[in-house]
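> Just need the structure, nothing else, for what follows:
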Amino acid sequence: MQRVIFLVWQNIAFRLIVGWGVVVVLPALLMWRMRFLQGRWLITEFNSMVLATLGVLLVTLGLRKLTEFPGQRSISFVLPTLLLVMMLLGMVIIVFRLPYSLYYFGLSGVIGVVFFFLSFLLEQKAHQPYMAYIPLGHCQNFEAIFQIRWLRLEKPHLDAIQSKKVQAIVADLSSPALDEDWQRFLTEQTLQGRPVYNNRQVYESLTGRLPIHHLYENELGSLLPSQTYLWFKQLIDIIAILLVAPFVLLIAVITVIAIRLESPGRAIFVQERVGQGGKLFKIYKFRSMRFDSEKNGAKLAQQNDPRVTKVGKFIRKTRIDELPQFLNVLKGDMSLIGPRPEQLSFVKTFEKTIPFYNYRHIVKPGISGWAQVTQGYASDTDETALKVQYDFYYIKHISFALDILIVLKTIQTMLTGFGAR
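Model (predicted):
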């Protein structure tokens, strides 16, 4: 019975119907039972129910889309998603001056928070993949990859119990060790409706990284972002900056005063970085280090770097030091979301040691990005090589949903200080 409930709850249409009944209809019945049942709704009640219905749709689909990305099945995304949708509905009310019922929204909102938290937990229990893998070629240690229950196949056979549980099979399809018996087994499994995935596909979907070491891997052709979306993304960047400008300016003034009170030198740090297409531009940041921090040349920041001031430590942890880059976004040098720009000296070094490093410059660099919120700060070549794999994943999967996810994770990063140095 429990398994049936889990399977049914995985159906998005079913969750939408239940969500609509609980979050939209139930508060209406509690508040306006007779008028609701008779269909004699006031305009405030009708508008409120329509907006609440839109809210249920956006939250349900939004959570479904966000959790499709690797490693993002955390319950911590429920509340930010709800708040984001509530803000959007509030903007609709203000722009179109719609009459609405505040008491209905209050009751619907409380019920909605409880429902979506419980719904997410139930969906999490329903979504527990159980996959088999063939330990040949580059598919040797897949049981070490997190969040998946693995079955290691030592021979080309699944017994009756395993056949009921295993949802898919992973193999290195290019491995010469995959002999005729294994190939025949994989063909039979495919004919039975069980998906067979190449190990590279699964690695990418579980880690959020896209490693490229050789041209024959044929991934570069997929790293071509939609120019239409990039134009839309730039428009959204500008609108978002203009909306938050008053709040950001207040924080900026306070930050400038704090920096100047603690140490001599300019509060704004200007440095040349490599941008889209390999072009150089000047990036703006609040100074978080001593004014003479680069007297011996540019160096990557380290954990507990002695060059960082007390104010600098706080603004780096909360990412306030990045706020002046809003000017770079307005100038067109950067985007709110994208790979972080590096100094030219570092780029020249990484080009020699990291395969296809320059390909990350196909899009505009960003104030925040997939690598920053997933991996954190990179302090050496090995960590940078890993960071580039996240950048490649972002470039391949660039979309509005992924950008929203990065915004939510950036807010979490600002609150927790993840990756700051």
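> remind me, longest helix of this structure?
Secondary structure of the chain per DSSP state H: the longest helix is helix 227-262.
> Which pLDDT value goes with Gly71?
Turning to Gly71, the model gives it a pLDDT of 63.
> can I see the domain layout of the protein?
If you go by automatic domain parsing, the domain ranges for the chain are 2-126, 130-207, 227-416.
> so which of those domains is the most packed in?
Stretch with highest mean neighbour count among the domains of the chain: domain 227-416 (a mean of 17; mean count of other Cβ atoms under 10 Å). Every residue, glycine included, has its C-beta placed from N, CA and C.
> Any idea what Lys285 is bridged to?
Beta-bridge partners of Lys285, counted by DSSP bridges, are Phe269.
> if I look at the closest residue to Leu402 other than its chain neighbours, how far off is Phe326?
Spatially, and ignoring its direct neighbours in sequence, Leu402 is nearest to Phe69 (6.4 Å; Cβ to Cβ, 6 or more residues apart in numbering). Between Phe69 and Phe326 the computed distance is 26 Å (Cβ to Cβ, to the nearest Å).
> hmm, back to that, tell me which residues touch the residue nearest to Leu402, please.
Contact partners of Phe69, counting by Cβ atoms under 8 Å, 6 or more residues apart in numbering, are 208, 397, 401-402, 405.
> remind me which residues of this protein are low pLDDT?
Within the chain, the set of residues satisfying pLDDT under 70 comprises 1-7, 70-74, 126-128, 145-147, 213-223, 290-306, 378-379, 415-421.
> Tell me which helix or strand Glu383 sits in.
helix 381-397 (DSSP states H and E).
> Tell me the gap between that helix and the middle of its chain.
For helix 381-397, the separation from the chain centroid amounts to 14 Å (computed by Cα atoms, centre = their mean, to the nearest Å).
> Convert the C-alpha atoms of the very next helix or strand once past it to CSV, please.
Counting by DSSP H and E, the next helix or strand C-terminal to helix 381-397 is helix 400-416. Taking Å, rounded to 0.1, in the frame of the first residue of the first chain, the C-alpha atoms of helix 400-416 are listed here in CSV:
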residue,chain,number,x,y,z
PHE,A,400,15.9,30.0,-16.7
ALA,A,401,15.2,27.2,-14.2
LEU,A,402,19.0,26.6,-13.6
ASP,A,403,19.5,30.3,-13.1
ILE,A,404,16.7,30.5,-10.6
LEU,A,405,18.2,27.6,-8.7
ILE,A,406,21.6,29.3,-8.6
VAL,A,407,19.9,32.5,-7.2
LEU,A,408,18.3,30.4,-4.5
LYS,A,409,21.5,28.7,-3.7
THR,A,410,23.4,32.0,-3.7
ILE,A,411,21.0,33.3,-1.0
GLN,A,412,21.8,30.2,1.0
THR,A,413,25.5,30.8,0.4
MET,A,414,25.2,34.4,1.6
LEU,A,415,23.5,33.2,4.8
THR,A,416,25.9,30.4,5.5
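> Confirm for me that Met131 is in contact with Val170.
Yes - at 5.9 Å, Met131 and Val170 qualify as touching, with contact defined as Cβ atoms under 8 Å.
> shared neighbours, those two?
Shared contacts of Met131 and Val170, defined by Cβ under 8 Å, 6+ apart, comprise Val202.
> what about the strands in the protein?
Listed in chain order, the strands of the chain (DSSP state E) span 130-133, 149-152, 168-171, 196-198, 268-274, 280-286, 335-337, 366-368.
> Many thanks, we can stop here.
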